[in-house]
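Peer 1: Sequence unavailable; structure follows:
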C-alpha cells in the first residue's frame with residue numbers, strides 16, 4: 001500500500017504510521033517502508049541509535065533489504081528506515097534503466113514474509129514516489145505510461161490495473177488504481 005500525495009502536510013506520514021500500527025496491532029506482520037528523507041515514520045517507532053542502515057542503501061544496491069529492516073517495539077511491526085541520504089537518490093540513479101523498479105526489486109525477496117507492506121512517500125512526484133507506486137503495483141506495464149506523463153501529472157490518485165485520464169478545471173489528471 002503506497003501512501004502518496006504530491007503536497008506536503010496532507011497526512012501521508014500520519015496515515016502510514018497509524019495504519020501500519022493498527023494493522024500490526026490486529027496481529028498481522030507488517031512492514032512500513034519509509035521513503036521520505038525526513039524520516040518521520042522511522043522516528044515514530046525507532047530511536048535514532050537503532051537505525052544502523054537505511055532503505056537508501058538497499059535501493060542503491062549496497063546491502064540487501066533484510067539487513068535494513070528493523071523490528072519496532074510494537075509487536076508484528078517492522079520498519080525499513082529512511083535517512084536524509086534518500087534526498088540524493090534521483091541524482092544517484094539518473095540514467096539507470098531500472099531506477100523505477102529498485103524498491104519493487106528490493107522487497108521482492110521478502111514481500112511474502114509480511115502480510116502488509118505500507119510505503120510512506122515524500123511530498124513530490126519524483127523517483128521515490130514512482131518507486132513506491134511501482135512496488136505497490138503487481139504489474140510492470142504501466143511504468144512507461146507514468147514516466148511519459150510524470151512532468152505533467154497534476155494529481156495522482158492511488159487507490160488496480162487501469163489508468164484514467166480526464167480534464168478537471170482545464171488540468172490533466174492521471175489516476176492509476178493500485179491493489180496491494
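Peer 2: Perfect, I can see it now. Please read these numbers as outputs of a predicted model, since none were measured by experiment.

Peer 1: looking at it, residue 12 is touching residue 6, isn't it?
Peer 2: No: taking contacts as CB atoms under 8 Å, residue 12 lies outside contact range of residue 6: 10.0 Å. Where you see a C-beta, it was placed from the backbone N, CA and C, and this is true even at glycine.

Peer 1: between the two, what contacts are shared?
Peer 2: Listed as contacting both residue 12 and residue 6 by CB atoms under 8 Å, 6 or more residues apart in numbering are residue 123.

Peer 1: between the two, which one's more packed in?
Peer 2: residue 12 (23 against 17; other CB atoms under 10 Å).

Peer 1: give the contact list for the more buried one.
Peer 2: 3-5, 36, 120-121, 123.

Peer 1: all strands of the chain, in order?
Peer 2: In the chain, the strands defined using DSSP state E lie at 2-3, 30-34, 70-71, 77-80, 116-120, 156-158, 163-168, 171-176.

Peer 1: mean pLDDT lowest for which of those strands?
Peer 2: Lowest mean pLDDT of these: strand 156-158, a mean of 37.

Peer 1: pLDDT below threshold where in the protein?
Peer 2: Along the chain, the model assigns pLDDT under 70 to residues 7, 138-180.

Peer 1: where along it do the helices fall?
Peer 2: In the chain, the helices defined using DSSP state H lie at 12-25, 40-45, 55-59, 89-92, 102-107, 127-136, 143-149.

Peer 1: how far does the fifth one sit from the chain's center?
Peer 2: Relative to its chain's centre, helix 102-107 lies at 10 Å (CA atoms, centre = their mean, to the nearest Å).

Peer 1: Just name whatever secondary elements it is in contact with.
Peer 2: Secondary-structure packing of helix 102-107 (3 or more CB pairs under 8 Å, 6 or more residues apart in numbering; DSSP states H and E): strand 30-34, helix 55-59, helix 127-136.

Peer 1: 7 Å instead?
Peer 2: Contacts defined by 3 or more CB pairs under 7 Å, 6 or more residues apart in numbering; DSSP states H and E place helix 102-107 against helix 55-59, helix 127-136.

Peer 1: now these as JSON lines including distance to residue 24 and mean neighbour count?
Peer 2: Shown next, in JSON lines, are those (distance: least, CB to CB, whole Å; neighbours: other CB atoms under 10 Å):
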{"stretch": "helix 55-59", "distance to residue 24": "19", "mean neighbour count": "24"}
{"stretch": "helix 127-136", "distance to residue 24": "18", "mean neighbour count": "24"}
